[in-house]
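Colleague: Here is a sequence together with a model predicted from it:
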Amino acid sequence: MNKSLVQAQFGRSAESYAISPVHAKGASLARMVELAEPQSGWQALDIATGAGHTALAFAPHVARVVATDITAEMLQVAAGLARERGLENVACEAADAEALTFDAAGFDLVTCRIAPHHFGHVDRFVAEAYRVLKPGGLFVLVDNIAPDRHTTDGFSDEALSEAAADYNRFEKIRDPSHARALTLGAWLKLFAAAGFAVEAVEILGKDMEFEPWADRIHADAEAKAELCRMADAASPALRAFLKPRDQDGALWMTWAEGLLVGRKPA
Ligand SMILES: C[S@@+](CC[C@H](N)C(=O)[O-])C[C@H]1O[C@@H](n2cnc3c(N)ncnc32)[C@H](O)[C@@H]1O
């Protein structure tokens with residue numbers, strides 16, 4: 001059910017992801033490349049590539065990148081951007097993050113950026129990333145995270161867990177294909193359970209203006225009004241996390257991305 005919602009939602013928004021500044025230029029993109037230290041002989045797999053920004057950022061540094069997604073329109077946009085940039089080592093293919101169609105131990109690097117909050121079964125996705133990596137291979141993940149003690153100081157676990165649930169409700173009103181953003185604590189547990197040794201963990205703040213954020217996925221006027229009401233009525237813990245504020249007459253907030261680098265033991 002969520003997969004067809006994802007395909008419908010992203011299918012009609014594919015072009016806007018090609019030019020979205022947080023996707024095309026967000027700080028996490030360069031940081032992923034920096035931390036991975038990609039090598040010229042590597043085979044890389046980018047999961048849920050969207051408009052392909054992560055695949056294209058790694059392509060100049062590795063032998064080949066397979067850019068995958070479940071939304072055909074997104075793969076077309078990614079292939080178009082690769083052609084525009086003259087990147088001939090990027091192959092765009094349909095694949096579900098939770099049931100990859102690749103053999104075990106075929107990739108040196110697996111990446112996935114700003115997408116797992118759409119997956120219904122993140123544990124299957126992490127297990128699949130582990131399966132397709134060669135021993136010693138790297139998994140570099142970035143996703144929007146929900147508040148917990150890693151992101152937000154000074155609140156009880158109960159207040160933070162309510163804020164995380166409210167944050168996920170907020171995201172789902174804007175985009176019904178949003179499944180659930182995990183907390184950084186939950187990601188760390190998932191990586192460990194799958195067998196990854198965690199080599200780096202970072203939190204990156206992402207300032208975004210509310211209107212373009214809502215418009216990118218075609219949120220309607222009713223949804224936008226509800227989101228503004230929720231931002232006004234946010235709990236102290238959620239306010240501390242999202243920091244809703246007026247900047248020159250426009251509503252801005254700060255989202256948090258978690259970046260994790262995990263290594264499959266050699
Ligand atoms: C925000 S975009 C990804 C952004 C992109 N990774 C980047 O770095 O700019 C989210 C993507 O996740 C894809 N997606 C959602 N669920 C998926 C799944 N189960 N398997 C593969 N792709 C999925 C959507 O089709 C969409 O293209």
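Modeller: Perfect, I can see it now. Numbers count the residues shown, from 1 in each chain.
Colleague: Can you tell me how far Ile173 is from Asn2?
Modeller: When distances are taken as Cβ to Cβ, to the nearest Å, Ile173 and Asn2 turn out to be 16 Å apart. C-beta coordinates here come from the backbone N, C-alpha and C atoms, glycine included.
Colleague: do the same with Gly120
Modeller: As for Gly120, its distance to Asn2 is 5 Å (criterion: Cβ to Cβ).
Colleague: who touches both of the two?
Modeller: Any residue near both Gly120 and Asn2 by Cβ atoms under 8 Å, 6 or more residues apart in numbering counts here, and that gives Ala179.
Colleague: For Gln43, list the residues it contacts.
Modeller: In this structure, Gln43 makes contact with 62-64, 66, 106-109, judged by Cβ under 8 Å, 6+ apart.
Colleague: Now with 7 Å, please.
Modeller: Applying Cβ atoms under 7 Å, 6 or more residues apart in numbering to Gln43 gives the contacts 63-64, 106-108.
Colleague: same check, this time on Asp166
Modeller: Residues in contact with Asp166, defined by Cβ under 7 Å, 6+ apart, are 234-235, 238.
Colleague: Is it possible to get CSV of the residues you listed that adds neighbour count?
Modeller: As requested, these are exported to CSV (neighbours: other Cβ atoms under 10 Å):
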residue, neighbour count
Ala234, 19
Ser235, 16
Leu238, 26
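Colleague: Secondary structure, distance to the ligand and pLDDT added to the residues you listed, as TSV?
Modeller: Listed next are these as TSV, based on DSSP: H, G, I helix; E, B strand; the rest coil; distance: Cβ to the nearest ligand atom, whole Å; pLDDT from 0 to 100:
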residue	secondary structure	distance to the ligand	pLDDT
Ala234	coil	24	95
Ser235	coil	27	97
Leu238	helix	22	97
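Colleague: from these, which is closest to Ala186?
Modeller: The shortest distance between Ala186 and any of the contacts of Asp166, using Cβ to Cβ, involves Leu238 and amounts to 17.4 Å.
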